[in-house]
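Novice: Build me a structure from this.
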Amino acid sequence: MSSTTGWSPFLSSSSRGEDDDAYYLAREIDMLERAVRDKGQVGRRELGRLVACRYWGPGRFGRALRVAVREGRLAHPRRGVYGPPD
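Specialist: Residues are numbered from 1 along each chain as shown. Just a heads-up that it's a prediction; the model follows:
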């Protein structure tokens, strides 16, 4: 008996998965914005602790930070520090 499914080193993709990813990314960025609005400028490690990023999954925290800064939703005034946009 042979199987038509197998292991792949690549993540599978579907429109539902992309929708879920966009939803969670938006949610994570909202959490980052709230944290820096409440605390002001904070270090990356402290910000991660504030939003409990260790439960987000691998790579999600860094991605959310990059997107939030690129979209102007977080300021990144110096290395390792994030805060509310000016």
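
Novice: Show the contacting residues for the most centrally placed residue in the chain.
Specialist: Centroid-nearest residue in the chain, with CA atoms, centre = their mean: Ala64, separated by 2.6 Å. Counting by CB atoms under 8 Å, 6 or more residues apart in numbering, Ala64 makes contact with Leu25, Glu28, Ile29, Leu32, Cys53, Trp56. For every residue, glycine as well, the C-beta is placed using N, CA and C.

Novice: from those residues, which is closest to Gln41?
Specialist: When the contacts of Ala64 are compared for distance to Gln41 (CB to CB), Leu32 wins out at 12.8 Å.

Novice: out of everything not next to it in sequence, what's closest to that closest one?
Specialist: Ala68 (5.4 Å; CB to CB, 6 or more residues apart in numbering).

Novice: cool, Glu71 as well?
Specialist: Ile29 (7.6 Å).

Novice: Could you do Arg60 as well?
Specialist: Closest to Arg60 by CB to CB, 6+ apart is Glu28, at 6.3 Å.

Novice: The one you found against Gly48, yeah?
Specialist: No. Between Glu28 and Gly48 there is no contact under CB atoms under 8 Å: 11.1 Å.

Novice: Between the two, which has more neighbouring residues?
Specialist: Taking other CB atoms under 10 Å, Glu28 and Gly48 do not tie; Glu28 has more neighbours (21 against 18).

Novice: and that one, helix, strand or coil?
Specialist: helix (DSSP: H, G, I helix; E, B strand; the rest coil).

Novice: picking up where we left off before, and the two most separated of the contacts of Ala64?
Specialist: Longest span within these, CB to CB: Leu25 and Cys53, 12.7 Å.

Novice: number of nearby residues for the residue nearest to Glu71?
Specialist: Neighbours of Ile29 (other CB under 10 Å): 19.

Novice: Check it and give its pLDDT.
Specialist: If you check Ile29, the pLDDT there is 98.

Novice: show me what contacts it?
Specialist: Ala64, Val67, Ala68, Glu71, Arg73.
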